[in-house]
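1. can't give you the sequence, but here's the structure:
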């Protein structure tokens, strides 16, 4: 029943998502204990292959692997042979030839992780493929919400604000939230809202205020400077003024509504410092939950790997 | 304005027929052929056979301020507008500097309040400096009182930039006004090509015709 791969949250069933969250919650509780480590991944070799820059996701996976007793190595594209012209597949075949069980891969092209599953024996965990999906981020968002919402997802409403078009974080979150019956409202400059996004089962609000009003949580997405060079935004200050999640707007949420951000934050742009550091913020809980979710995902994929072999 | 005002001896703006109206409390209370509205008038204005029309609105004027007061000012431009029956004008942003930030929109509105002869509605630029590249802060411009956006005679040539501008302006509910013209073919017109003068040489060409030295 366990797959050795995790490529995305699209199409994942409610029960499967809840199952992973249950397991992640157990790891989350363990993380708060003293000197926790387990042997769940003893004898399992993991390679973290990052073809795109990452700090938090990579560190989070590495810590999860070490906590579970895996043997793990990491490389990033800048110091790998891809700089010498080797293809993605060849690079990972080489890694696999060193008898690696699981590959955690981040790549700028959508579908990269899926492509690797067709050619590798190893289990593949997608750590972000282009603008497509970032499933462990989506799951950690759900784990944070599970705690903020006391375990009840049905009937909740989530607002996601910002650059939906370029966001794998948003896409994974949308699939996960929809699987659990959460109503999702998007808001952002129309230049950053893809046409037809409603087909994912979400609605688009005309303003950030409309999206946040009476929602149970809000997620502010990172705005990248290059969106201005691409003519998608006028300026960061105008973005902050029209779409930024500030204290006044956060107060439109339900009284116990929380504010999330996948990081890294541009304080004063998509989120104001008082909100980022305020009582509604669960941004740093998300980071801790990320380690727990990756523990759960690694353990499940390793289990899927073992089954495949037996 | 108290009482009832009769304006007579005028022609209807569409039909050209003799016409008159009565105004009371700022509203037209009677209108029609000569004699139809005359009852109870407290004041009478003789139109002298002029055309009577609703206040005309010109959506595309150049008041040339800020920066080009030698050509026109908000005061002179609106005086001309009022003389022609225009009660409101929307002024284009191709001034020096270009009206691409909220400070200039506010400045135009302030100047208009001080001494315009009709209502002035500023139109702000779509892109910074009307260069057709970087979107101007359309939300901030709208907030400061811009009624529309246009790069006017420097048309947004990139279809992508225009598409983004249309999308970006959508939640503001304000129109983007297009000056439909591709300036590229005109840059080397048939006359210039025949005599072998490129666009960059035009100034020198003119100087030569005026008797300047025109040395290449």
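-> Nice, thanks for sending it over. Only a predicted model underlies this, so the values are computations on that prediction, with no experimental measurement involved.
2. Show me the strands in chain B, by range?
-> Under the criterion DSSP state E, chain B contains strands at B:4-12, B:18-24, B:27-32, B:43-46, B:51-52, B:56-61, B:86-91, B:119-124, B:148-149.
3. do you know which of these lies nearest residue A:77?
-> strand B:148-149 (41.7 Å; C-beta to C-beta). Yep, even glycine has a C-beta here, placed from its N, CA and C like the rest.
4. Tell me the helices and strands packed up against that closest one.
-> Helices and strands touching strand B:148-149, by 3 or more C-beta pairs under 8 Å, 6 or more residues apart in numbering or on different chains; DSSP states H and E, are strand B:119-124.
5. So residue A:170 is in contact with residue A:160, correct?
-> Yes: Residue A:170 lies in contact with residue A:160 (C-beta atoms under 8 Å); the separation is 5.4 Å.
6. Residues in contact with both of those two, list them for me.
-> A:186, A:219, A:221 (C-beta atoms under 8 Å, 6 or more residues apart in numbering or on different chains).
7. So between residue A:170 and residue A:160, which is more surrounded?
-> Between residue A:170 and residue A:160, counting by other C-beta atoms under 10 Å in any protein chain shown, residue A:170 is the more crowded of the two (30 against 26).
8. In contact with the nearest residue to residue B:154 once chain neighbours are set aside, which residues?
-> In this structure, residue B:154 finds its nearest non-sequential neighbour in residue B:130, 4.3 Å apart by C-beta to C-beta, 6 or more residues apart in numbering or on different chains. Neighbouring residues of residue B:130 by C-beta under 8 Å, 6+ apart: B:93-94, B:98, B:100, B:151-152, B:154.
9. just so I have it, where are all the helices in the stretch 101-250 of chain A?
-> Ranges of helices within the stretch 101-250 of chain A are A:112-117, A:135-148, A:168-179, A:208-212, A:226-229, A:236-243, A:247-250, based on DSSP state H, counting those that start in this stretch.
10. To clarify, my last question referred to chain B.
-> Using DSSP state H, the helices of chain B run over B:74-83, B:102-115, B:138-144, B:159-169, B:190-195, B:202-209.
11. Run the chain-centre distance for the longest one.
-> The reference is to helix B:102-115. 15 Å (C-alpha atoms, centre = their mean, to the nearest Å).
12. so how far is chain A from the most centrally placed residue in chain B?
-> In chain B, the centroid-proximal residue (C-alpha atoms, centre = their mean) is residue B:61; its distance is 2.1 Å. Residue B:61 is 26 Å from chain A, where distance means C-beta to the nearest C-beta, to the nearest Å.
13. In three-state terms, label the residue nearest to residue A:3 when sequence neighbours are not counted for me.
-> Once flanking residues are discounted, residue A:3 sits nearest to residue A:304: 4.9 Å by C-beta to C-beta, 6+ apart. Under DSSP: H, G, I helix; E, B strand; the rest coil, the three-state class of residue A:304 is helix.
14. if you skip the residues just before and after it, what's nearest to residue B:108?
-> In space, residue B:108 is closest to residue B:122, 4.6 Å off (C-beta to C-beta, 6+ apart).
15. Tell me the pLDDT of the one you found.
-> With respect to pLDDT, residue B:122 scores 98.
16. these two touch, right, it and residue B:90?
-> Yes: the pair residue B:122 / residue B:90 is scored as a contact, 7.5 Å apart, by C-beta under 8 Å.
17. where do the contact lists of those two overlap?
-> Shared contacts of residue B:122 and residue B:90 (C-beta under 8 Å, 6+ apart): residue B:147.
18. ok, these two, which is more surrounded?
-> residue B:122 (24 against 20).
19. If that one is in a bridge, with which residues?
-> residue B:91 (DSSP bridges).
20. quick one, what contacts it?
-> Contact partners of residue B:122, counting by C-beta under 8 Å, 6+ apart, are B:90-91, B:93, B:99, B:104-105, B:108-109, B:145-147.
21. of all the residues you listed, which comes closest to residue B:40?
-> Nearest to residue B:40 among the contacts of residue B:122: residue B:90, at 38.0 Å, using C-beta to C-beta.
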